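Asks: predicted model and sequence follow; I will ask about them next.
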Amino acid sequence: MSVYLVQALSGVAAGSVLFLISVGLTLVFGLSRVVNFAHGSFVMVGGYLGYTLTEAFATGPLGFWAAIALSALAVGALGGLIERTLIRRLYGAPELLTLLATFGVGLILKDAARLVWGPDDLLGARAPGLGGSVAIVGTPFPTYDLVLCAIGPIVLALLWLLFHSTRFGLAVRAATEDREITAALGIDPARLFTGVFVLGATFAGLGGALQVPRQAITLDLDLAWIVEAFVVVVIGGFGSLPGAFLAAQLIGQVQAFGILIVPEITLVGVFALMAVVLVVRPRGLIGGVVVPVRAAAASPATRAPARAGAWQRLGTAAAVAGLAALPLVADPYRLIVVAEALILALFAAGLHLLVGIGGLVSFGHAAYFGLGAYGAALTVHHLGWSMTPALVAAPLAAAAGAALFGAVCVRRHGIYLAMLTLAFAQILWSAAFQWTALTGGDNGILGIWPDGWAAGPTGFYLLTLAVALTGLAVVRRIAFSPFGFALRAANEAPARAAALGLPIRALHWAAFVIAGGLAGLAGGLYAFAKGSVFPQVLSVAVSVQGLVIILLGGLQALSGPVIGAAVFHGLETEIMRATELWRLWLGALILILVLAGPGGVAGAAGALVRRWTGERERAAGADRS
Amino acid sequence: MTAPLLEVRDLAKAFGGVAAVDGVSFRLDAGAVTAVIGPNGAGKTTLLNLIAGGLAPDRGRIRLGRVDLAGRSARAVWRAGVGRTFQIPTPLASMTVREAVQLVFAARTLGYWRFWQPLAAIGHPETDPLLGRFGLDRLAGARCGDLPYGTLKRLDLALAMAARPSLLLLDEPTAGLGDDARGPLLALALARARADGTAVLFVEHDVDLVFGHAERVLVLDQGRVIAAGPPHQVRADARVRAAYLGDQAAPALGGDHDGS
Ligand SMILES: Nc1ncnc2c1ncn2[C@@H]1O[C@H](COP(=O)(O)OP(=O)(O)OP(=O)(O)O)[C@@H](O)[C@H]1O
Ligand SMILES: [Mg+2]
């Protein structure tokens, strides 16, 4: 019996920390509608600062708690700096851009932390005076965790007071309920936004610093925590303070008892819970704010898609010929690099259909890339299939997964859709990690080699080229088919499209399946290119990579994913060869892209060409309003 | 007396505490032209949205012929033969005018489930006649996102009428247009409707246009019908003069609660 009690208590302790970490995310979202992907980085930085400061000052309890508090305040200041310089430019921007930009910030912070604290895990000392344990009905329980159990409710109470009895708090609540009201209250909204952001970052930093005695501080804490914090925010309700507390405690308990009952699927359980809540109660357990779905006008893809003129056809033909002739001149290393870029282009092409044309921002497209990669690897590894049938199985497995998940995802829009896609990708990711019997878990599946004819660099390169070009051609056909136009109509003018009898949900679902299949094909090729598959193919980083590529290349034309993949992979390879700090550069690149606008490299080049050929941009709807 | 084409009975819809439409009943015969007028926020757009689908009423019935439309999806209502325009149309920004029209014709035969043949190559024999009828033939190659507002409203009308609906709902077809463009656009819509035998329910703030074109006028105020009947009768109604005709100083663009 006491085992359960202790387990429940450790769930409460974990829930307390999770609450501290999530509360900023939900408050910032409620107020500004910005989903701050860099929020997990505040936790990580808080952890590192907590480590350094406790090492320096924590000779006694006073020093320890002072160090923790100082870490939290420093992270709050960092948050304020980031809000002032960057986040405030994102208010009102489409979800895709805010998610990507804040992800970029996270990358930069990660490399900054690596520069300061190095790549190794850091193990902090126990909290002075709290290192032991107390007996709970005969079972020992860490004293420190008992303190954590108390901190969560205390912070909830303090925040509750803040929001219900101070001018600042009342203003925040009013503005969260009704965006227009701040002006009427005579409050400077910019200061309100900064204030809430600093508050959220401070608590994230506190959560991170409090982890120092419990957990090794690593560079991966940011992603680990942000994903859990997302789950809390979604389950509790976007913007809801008590919701965040309740959800954090719920997850704490699910994890604590999940470990006792079915240790293999604790992670899956958490994300599945999030998916269920999104579907049946999108406002969360304790009614969060209703997030309006942004009109298509705000989505990045409303500019005209480029259509092939004579020059473009010629250029395409030349590029294809050049790629086909590449094995004659390039060394094997270059061939492999280009083959990888082609795989990325194929992956991004499906995403282009989904995001660029359909306007459905998937934040979990790695799910289908990974399903393809594992689909291929598992058929080879467990069923002894050869490459060709495995490469057929890959897109089919991914398309089947997309058909299943997509049926749920297309019921939601905007940020809810993004979170649902993320949840499904995370479910697969955790399954790949934990279902070791099937996937080998962390050790992956090795020995996935191409058939003899494609085993050499040239053979595999030509295979990849043929498959990727076919995939791109298919996307191009679809983009200009009636289906493609219908998809575009549903994105650009949803009400108009519905009034013309277009079955929007079914169109979206079909786009999901097609994009999933293409991602799966890319994933299958990737497995054979690497000769192995690891759970990382399902990670958020892969999903974000796809989005960065289409944003980099420009959302308007199919050349976007291709150019984006070439530039991205080229940069990645070059930067990674030149420096350890590729994340920093990638993050900076993302920020530049987002702040410069959604045209991407292709868009910028296209604008130059248009100016060159003298085609004048007509101002859209110049006489409107 | 034959059964009406459209019969709306005791229709109601509230947003929060606001009764946007509050017990509206009326009938519309096949081929008839009725105007809906009323001050800003009277519930005109909400009434149209309720009929056009995608917005479920709190109570009441909407019958089109034998079909009950209340609470159906916009797509189902479209299939029942209802076309609509929007108070503020959103352009199909990336398409040319011709492509938009072709898409509408494709939609009529479930053609959007074709993934391979280019839309441009499929075409439709009615595309050019439709473009011609609405004076869009010379703009066929222009992008919808580049169109001036007046042309965009004309295109919106053409798209709504492409399927030759039995009922056409027009939400302020002339709002936002210059004085010289308003009359012709409404006249065009009504002429096309007459040619196709389409009944029209149109919301309009321009009183001269309303009394010049409508066969019947329905006056809404705060979600309720305060008068209904032929134009001369409505014009003489004291309540109408008090509620609406008195303050027609700013007739043009109204609110923008357009459900889009
Ligand atoms: N989606 C909605 N949510 C909340 N309230 C709404 C919504 N749509 C309309 N309303 C409210 O319902 C009432 C009627 O609005 P509606 O748009 O139907 O008026 P209208 O007669 O079309 O006005 P206008 O002449 O300005 O276009 C208004 O008070 C409006 O604020
Ligand atoms: Mg209106």
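Replies: Sure, I can see it. Ligands and ions are numbered 1, 2, ... in the order given.
Asks: tell me which stretches of chain A form strands.
Replies: Counting by DSSP state E, chain A has strands at residues A:133-136, A:139-142, A:445-446, A:532-533.
Asks: starting at the chain centroid, how far to the first one?
Replies: The gap between where strand A:133-136 is centred and where its chain is centred comes out at 40 Å by Cα atoms, centre = their mean, to the nearest Å.
Asks: list the strands paired with that strand, with their directions.
Replies: strand A:139-142 (antiparallel) (DSSP bridges).
Asks: residue contacts, residue 75?
Replies: No chain specified, so I'll use chain A. A:F42, A:V45, A:G46, A:L49, A:A201, A:T202, A:A204, A:G205, A:L206, A:G208 (Cβ atoms under 8 Å, 6 or more residues apart in numbering or on different chains). C-betas here are computed from N, CA, C, even on glycine.
Asks: if you could check chain B rather than the one you did, that'd help
Replies: By Cβ under 8 Å, 6+ apart, the residues touching B:R75 are A:A498, A:G501, A:L502, A:P503, B:G53.
Asks: isn't the second one right next to B:A107, touching?
Replies: Yes: between A:G501 and B:A107 a contact is recorded at 5.2 Å, counting by Cβ atoms under 8 Å.
Asks: with neighbour numbers in mind, choose between the two.
Replies: Neighbour totals were compared for A:G501 and B:A107, and B:A107 leads with 24 against 20 (other Cβ atoms under 10 Å in any protein chain shown).
Asks: pLDDT score assigned to that one?
Replies: If you check B:A107, the pLDDT there is 87.
Asks: longest helix of chain A?
Replies: For chain A, the longest helix by residue count, based on DSSP state H, is helix A:2-32.
Asks: near chain B at all, stretch A:479-489?
Replies: Yes: with Cβ under 8 Å from any Cβ of the partner chain as the criterion, chain B is reached by stretch A:479-489 at A:F480, A:S481, A:P482, A:F483, A:G484, A:F485, A:A486, A:R488, A:A489.
Asks: any idea how many residues pack against the residue of the stretch 51-200 of chain A found nearest chain B?
Replies: In the stretch 51-200 of chain A, the residue that lies nearest chain B is A:D178 (12.0 Å; Cβ to the nearest Cβ). Neighbour count of A:D178, defined by other Cβ under 10 Å: 11.
Asks: go ahead and confirm B:Q222 touches B:G43.
Replies: Yes: B:Q222 is within contact range of B:G43, at 7.3 Å (criterion: Cβ under 8 Å).
Asks: who has more neighbours out of these two?
Replies: Neighbour count, other Cβ under 10 Å: between B:Q222 and B:G43, B:G43 has more, with 28 against 16.
Asks: next, the more buried one: phi, psi?
Replies: phi 110, psi 10 (degrees, to the nearest 10).
Asks: that older thread, which neighbours do B:Q222 and B:G43 share?
Replies: B:D22.
Asks: for the strands of chain A, which has the smallest mean pLDDT value?
Replies: Comparing mean pLDDT across those, the lowest value falls on strand A:133-136: a mean of 82.
Asks: where exactly do the helices run in the stretch 251-400 of chain A?
Replies: Applying DSSP state H, counting those that start in this stretch to the stretch 251-400 of chain A gives helices spanning A:266-280, A:310-329, A:332-351, A:366-383, A:387-409.
Asks: show me what the fourth one is packed up against.
Replies: Same thing as helix A:366-383. helix A:387-409, helix A:414-434, helix A:436-439, strand A:445-446, helix A:504-530, strand A:532-533, helix A:540-553 (3 or more Cβ pairs under 8 Å, 6 or more residues apart in numbering or on different chains; DSSP states H and E).
Asks: could you dump the ones you listed into TSV with mean neighbour count added?
Replies: Output for the helices and strands packed on helix A:366-383, formatted as TSV (neighbours: other Cβ atoms under 10 Å in any protein chain shown):
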stretch	mean neighbour count
helix A:387-409	22
helix A:414-434	24
helix A:436-439	14
strand A:445-446	18
helix A:504-530	26
strand A:532-533	24
helix A:540-553	24
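Asks: most proximal residue of the stretch 51-200 of chain B with respect to ligand 2?
Replies: Closest approach between the stretch 51-200 of chain B and ligand 2, counting by Cβ to the ion: B:Q87, at 4.9 Å.
Asks: how many other residues sit next to A:E574?
Replies: A:E574 has 13 nearby residues by other Cβ under 10 Å.
Asks: per-residue confidence for it?
Replies: Reading off the model, A:E574 has pLDDT 82.
Asks: relative to A:W582, how far out is it?
Replies: Per Cβ to Cβ, to the nearest Å, A:E574 is found 9 Å from A:W582.
Asks: common neighbours of these two, please.
Replies: With Cβ under 8 Å, 6+ apart as the test, A:E574 and A:W582 reach no residue in common.
Asks: A:W311: how many residues sit nearby?
Replies: With other Cβ under 10 Å as criterion, A:W311 counts 10.
Asks: right, and the helices and strands packed on helix A:366-383 - which one's nearest A:T98?
Replies: Smallest distance to A:T98 across these (Cβ to Cβ): 9.4 Å, for helix A:414-434.
Asks: good, we can wrap up now.
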